[in-house]
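Student: sequence first, predicted coordinates after that:
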Amino acid sequence: MKLLSSYFKEMRIAARGFYFYIELIMAVILLVILLVAVNEESVSKQKEFLYYDMPPAVEDYIIQKEVEKGALKLIEPTEFKMKAVEFEVENRETDELTSYEFEKEIYNLVTYEEWDPDTGKLIKTAYIAETEEQMIRLAFQERKIGATIVIDDSGERAFRYYNQGYETERLVNLLYILHNKLPEVVEASVDNQNVRKLGEVQTLNNRENLVPVMVVFMGSLMGFFIVVAYIFLDKTEGVIRAFAVTPSSVWKYLLSKTMIIITTVLISSSIIAIPVLRGQPNYPLFYLLLIISTFSFAALGLFISSFYDTISKAFGVLYFFMIAMMVPAFSYFIPSFDPLWLRYFPTYPLLQSMKEIIMVSTDAVYVLKTSGIFLAGGLLLFILANYRFKKTLTV
Amino acid sequence: MISVKNLSHSYSNDDKLAVKNISFEIEKGETFGFLGPSGAGKSTTQGVLTGLLKQQDGEVIVAGYDVKKVQNERFNKIGVSFEQSNVYSKLTAKENLDYYAKLFDVPTRDSVELLRLVGLDGKENDMAGEFSKGMKHRLTFARSMLNNPEIWFLDEPTTGLDPAIAATIKDIIKEHAAEGVTSFLTTHNMYIADELCDRVAFIIDGVIKLIDTPKNLKLQYGQKLIDIEYTDNGKIVKETLKTVTEADRRRIGEIVNNHDIQTMHSKEATLEEIFIQVTGRELV
């Protein structure tokens, strides 16, 4: 009863304060970003500038063949307002520098679009320059790759690329292989590669893939910070001293704070997760992990705050913990970066478990194991925080 | 109701003691004043008695409970009115009292009735954060009465209040004393102590210098004085003379016989004057 009274009192205070709304507003903002700014699938709208260094009849023949195959589609010419500019181009093979100087002018370029016949999505837009200089200038101004297509001695198409200079060696090598090796060599090489699937791999789209990160970092870490803010608010107002002279136990006071954080996190996480994931996740596991992880991080926040009397003194430690807990996000977004030490960060299994929950084929054992470890850790931290607060509640 | 034996306390856990080996007993229904200047050890003693500070040395029994042992139920018998107002600013006055009322295991008083008692009627649904300092202080004072405490700790209960409200608070304290509530009043205001307390203790530098009733202290240390204002060659002259010394008594006679008396008042020594006389220190 005392616990419930404290919880309802905390809820009332939270609803009248701004921390509660910060988290909810943040959740709404993140949801809007996810729905509006993040595409479900990666869209690569590549632009390239081409110059066909060959007789017009040959150029027309090559392009017409592509159009007939359905790969290219002629659209309205595109206007480019070119700025006055001076720059140099270095030849990678000879190190020879060529200087260019242009005045302001307007180009109207023949434009083709390339569409994926399977997905019906736009792959790239190709702009056909009238001269090589025009193509080089466009590549420079638009910061895109440009290419001159020539017919070599053997009658095959060859490409001379104009890069920006910051491309990786890997991309440059890829361009060498793709166009400057004989196509049949590449084809033969690809045909000889035997690729087998190790299992049915389910992937998340871009939006779904961001949800675990948002839920874990905004939920647990914000909860961790806000519970500390609530404690110091009480210390500043002196109400902790008034609580300390009532028959209620300290753990009820601490748990009521934690329950508020859990409530806030459940609401804010639902705001993000439900519209994006709809019926996909295993919601019982989702909410179980969310409650347990928030409880654990709130207990950590309580434990840390028991060592300080003002939030400004605690801020350095809080900041360190929050940054440290964000490090596993690198591994989440760059799977090739997955050192063993990173797996010991609590947010690492939390992120992976959240991802598992969102997958249709959830590994429930892994999620339950993670929940169990977090529950044990959270309880231990809560007991320690309770012990510390009993000694320091009124200091 | 309260028994303190050889209590010492150090904030730094060393030999720098804020309270040094003090002992006293308070009977049921007694209003006991703990008087001293800032930093004398008043709040430290009250902190240990209320459980806000950990008891280090000595023996402290409050309402039959050994303070050293953690027994939360003892707070059902205790009320504490803090010097610094400490209420939830984002709750209304009534919500503040109703919340704390639910934390007790004993029947509690009606929050609206308590607010009316301290002159906050009509302010029940106002946010405590919008209250003036005096109103917050009254709300803190009202909260201390929620559980009908048998022992009431009052830390500077009238500080910062206007005279009318201070008089109301003093009346409430007197009513509780009449009902048998034991009060431990911490203050540096000797007039309030004189008016409310059955006994007072003078504490300075963590040491209790004396404990007695205000009446006995005045009899023992006080001297009856007479303030006389008279005209002398057209000028008004003021003198304070003791009624107990022969020379002063003769001087009073001379003034009365030879001068035109403007005003003449007899007065008792105040507790403050006695405090200065006993401790050699002022109540600052």
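Tutor: Great, that's in hand. Here the structure is a predicted model, which means the values were calculated and not measured.
Student: how about the closest residue to chain B within chain A: what's its closest non-neighbour residue?
Tutor: At 3.1 Å from chain B, A:Gly238 is the closest residue in chain A, using Cβ to the nearest Cβ. Just so you know, the C-beta spots here come from the backbone N, C-alpha and C atoms, and that holds for glycine as well. Take A:Gly238 and drop its neighbours on the chain: the residue closest to it by Cβ to Cβ, 6 or more residues apart in numbering or on different chains is B:Asn86, 3.1 Å away.
Student: close enough to count as contact, that neighbour and B:Phe141?
Tutor: No: contact status for B:Asn86 versus B:Phe141: not in contact, 11.5 Å apart, counting by Cβ atoms under 8 Å.
Student: and the two? which has more neighbours close in?
Tutor: Each of B:Asn86 and B:Phe141 has its neighbours counted (other Cβ atoms under 10 Å in any protein chain shown); B:Phe141 has more, 26 against 20.
Student: can you tell me the element that one falls in?
Tutor: Per DSSP states H and E, B:Phe141 falls inside helix B:133-143.
Student: quick check: B:Leu17 is in a strand.
Tutor: No: counting by DSSP: H, G, I helix; E, B strand; the rest coil, B:Leu17 is not part of a strand but coil.
Student: can you read off the pLDDT for it?
Tutor: Note on B:Leu17: pLDDT of 87.
Student: close to chain B: what parts of chain A are there?
Tutor: Contact residues (Cβ under 8 Å from any Cβ of the partner chain) of chain A with chain B: A:1-2, A:5-6, A:9, A:12-13, A:16-17, A:237-239, A:241-249, A:390-391, A:394.
Student: now do the helices for the stretch 1-150 of chain B: every range, in order, please.
Tutor: In the stretch 1-150 of chain B, the helices defined using DSSP state H, counting those that start in this stretch lie at B:42-50, B:93-101, B:111-117, B:133-143.
Student: and the stretch 201-350 of chain A, by the same measure?
Tutor: A:206-214, A:222-237, A:239-244, A:250-277, A:283-305, A:311-326, A:328-333, A:347-358.
Student: so which elements touch the longest one?
Tutor: With contacts taken as 3 or more Cβ pairs under 8 Å, 6 or more residues apart in numbering or on different chains; DSSP states H and E, helix A:250-277 sits against helix A:2-16, helix A:19-32, helix A:206-214, helix A:222-237, helix A:239-244, helix A:283-305, helix A:364-392.
Student: setting aside sequence neighbours, what's the nearest residue to B:Thr263?
Tutor: Leaving aside its chain neighbours, B:Thr263 sits nearest to B:Glu229 (4.4 Å; criterion: Cβ to Cβ, 6+ apart).
Student: need phi/psi at that neighbour.
Tutor: In terms of degrees, to the nearest 10, the main-chain angles of B:Glu229 are phi -120, psi 130.
Student: what helices and strands are in contact with the longest helix belonging to chain B?
Tutor: With DSSP state H setting the assignment, residue counts place helix B:163-178 as the longest helix in chain B. Counting contacts by 3+ Cβ pairs under 8 Å, 6+ apart, helix B:163-178 is packed against helix B:133-143, strand B:151-155, strand B:182-187, helix B:190-196.
Student: can you give me the buried ones in that helix?
Tutor: Neighbour-count burial for helix B:163-178 flags B:165-166, B:168-170, B:172-173, B:176-177 (criterion: 16 or more other Cβ atoms under 10 Å in any protein chain shown).
Student: swap in stretch A:113-122?
Tutor: Neighbour counts over stretch A:113-122 (16+ other Cβ under 10 Å) mark A:Glu114 as buried.
Student: please identify the most buried of the helices and strands packed on helix A:250-277.
Tutor: helix A:283-305 (a mean of 23; mean count of other Cβ atoms under 10 Å in any protein chain shown).
Student: which stretches of chain B aren't confidently modelled?
Tutor: Confidence mapping of chain B against pLDDT under 70 gives the ranges B:222, B:283-284.
Student: so which residues on it come close to chain A?
Tutor: Residues of chain B lying near chain A (Cβ under 8 Å from any Cβ): B:47, B:50-54, B:70, B:72-76, B:78, B:80, B:82, B:84-91, B:95, B:99-100, B:102-105, B:140, B:143.
Student: out of those residues, which end up buried?
Tutor: Neighbour counting by 16+ other Cβ under 10 Å classes B:47, B:50-53, B:72, B:74-76, B:78, B:80, B:82, B:85-91, B:95, B:99-100, B:102-104, B:140, B:143 among the residues of chain B next to chain A as buried.
Student: any low-confidence regions in chain A?
Tutor: Counting by pLDDT under 70, chain A contains low-confidence ranges at A:42-45, A:178-202, A:393-395.
Student: my read: B:Leu120 touches B:His137, true?
Tutor: No: with contacts counted by Cβ under 8 Å, B:Leu120 stays clear of B:His137, the gap being 10.7 Å.
Student: neighbour count: the two, which is higher?
Tutor: Set side by side, B:Leu120 and B:His137 show more neighbours around B:His137, with 26 against 23, by other Cβ under 10 Å.
Student: who's in contact with that one?
Tutor: B:85, B:159-161 (Cβ atoms under 8 Å, 6 or more residues apart in numbering or on different chains).
Student: please redo it, this time with the cut-off set to 7 Å
Tutor: Residues in contact with B:His137 (Cβ atoms under 7 Å, 6 or more residues apart in numbering or on different chains) are B:85, B:160-161.
Student: I'd like to know how far it sits from chain A.
Tutor: According to Cβ to the nearest Cβ, to the nearest Å, B:His137 stands 12 Å off from chain A.
Student: how much space separates that residue from B:Leu52?
Tutor: Using Cβ to Cβ, to the nearest Å, B:His137 is found at 18 Å from B:Leu52.
Student: chain center to stretch B:253-271, what's the gap?
Tutor: With Cα atoms, centre = their mean, to the nearest Å as the basis, stretch B:253-271 stands 32 Å off its chain's centre.
Student: and if you look at stretch A:128-138?
Tutor: With Cα atoms, centre = their mean, you get 36 Å for stretch A:128-138.
Student: which outside residues touch that stretch?
Tutor: Contacts to stretch A:128-138, defined as Cβ under 7 Å, 6+ apart, come from residues A:49-53, A:80, A:82, A:89, A:100, A:102, A:107, A:109-110, A:127, A:146, A:148, A:162.
Student: also stretch B:249-263?
Tutor: B:226, B:228-232, B:236, B:241, B:243.
Student: quick one, what contacts whichever residue of chain B sits closest to chain A?
Tutor: Nearest residue of chain B to chain A, counting by Cβ to the nearest Cβ: B:Asn86, 3.1 Å away. The contact partners of B:Asn86, taken as Cβ under 7 Å, 6+ apart, are A:237-239, A:241-242, B:140.
Student: switch the cut-off to 6 Å
Tutor: A:238-239, A:241-242 (Cβ atoms under 6 Å, 6 or more residues apart in numbering or on different chains).
Student: same deal with A:Leu221?
Tutor: Counted by Cβ under 6 Å, 6+ apart, A:Leu221 has contacts A:322, A:325.
Student: apply 7 Å and report the result again.
Tutor: A:Leu221 makes contact with A:297, A:322, A:325, according to Cβ under 7 Å, 6+ apart.
Student: in JSON lines: the contacts of B:Asn86, plus distance to A:Arg278.
Tutor: Output for those, formatted as JSON lines (distance: Cβ to Cβ, whole Å):
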{"residue": "A:Gly238", "distance to A:Arg278": "47"}
{"residue": "A:Val239", "distance to A:Arg278": "42"}
{"residue": "A:Arg241", "distance to A:Arg278": "48"}
{"residue": "A:Ala242", "distance to A:Arg278": "46"}
